[in-house]
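Enquirer: take this sequence and fold it.
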Amino acid sequence: QVRLVESGGGLVQPGGSLTLSCATSGFGLDYYAIGWFRQAPGKEREGVVCVNSYGRTYYADSVRGRFTISRDNGKKEMYLQMNSLEPGDTAVYYCAADSEGMHCNDYEYDYWGQGTQVTVSS
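Expert: Now for the predicted structure:
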């Protein structure tokens, strides 16, 4: 059974940092495209950063230079390191995986976590 579980969300002040983790099971993370998406209140879900199965990385312009995606295939986990956080980064963050995802569109991803809330506020 495929399962993705996010952790690490919370409240952080503007300019702060946060690392989200996503524990996976039920599939071979090594060979899958992975991604982080977010959805703010009243907005559509958007791709934040994704890595396809060929190793190409896609960043949303709003997070480029501040966010970094990584994975530990041995632990079957993926991570999102977020630095210089801004109030506009406030959203529910989701990790996702897919065997054939090429870009960073949510419709390309079949497997999803339940989401974790990130709030950036002073």
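
Enquirer: which SS class is L85?
Expert: Using DSSP: H, G, I helix; E, B strand; the rest coil, the structure places L85 in coil.

Enquirer: give me the neighbour count for S7.
Expert: Counted with other C-beta atoms under 10 Å, residues neighbouring S7 total 14. Just so you know, the C-beta spots here come from the backbone N, C-alpha and C atoms, and that holds for glycine as well.

Enquirer: now it: how far from T68?
Expert: Per C-beta to C-beta, to the nearest Å, S7 is found 17 Å from T68.

Enquirer: repeat for S99
Expert: Distance, S99 to T68, using C-beta to C-beta: 23 Å.

Enquirer: equivalent analysis for L4, please.
Expert: From L4 across to T68, the span is 19 Å (C-beta to C-beta).

Enquirer: neighbour count winner among these two?
Expert: L4 (23 against 15).

Enquirer: that's a helix at the more buried one, yeah?
Expert: No - applying three-state DSSP, one finds L4 to be strand, outside a helix.

Enquirer: what's the pLDDT at the residue nearest the centre of the chain?
Expert: Nearest to the geometric centre of the chain sits W36, at 2.0 Å (C-alpha atoms, centre = their mean). Looking at W36, its pLDDT is 98.

Enquirer: what residues are bridge-paired with it?
Expert: V49, C95 (DSSP bridges).

Enquirer: is it true that it touches A96?
Expert: Yes - assessed by C-beta atoms under 8 Å, W36 is found in contact with A96 at 7.5 Å.

Enquirer: about what we covered before: and the residue nearest to the centre of the chain, how far from S122?
Expert: From W36 across to S122, the span is 24 Å (C-beta to C-beta).
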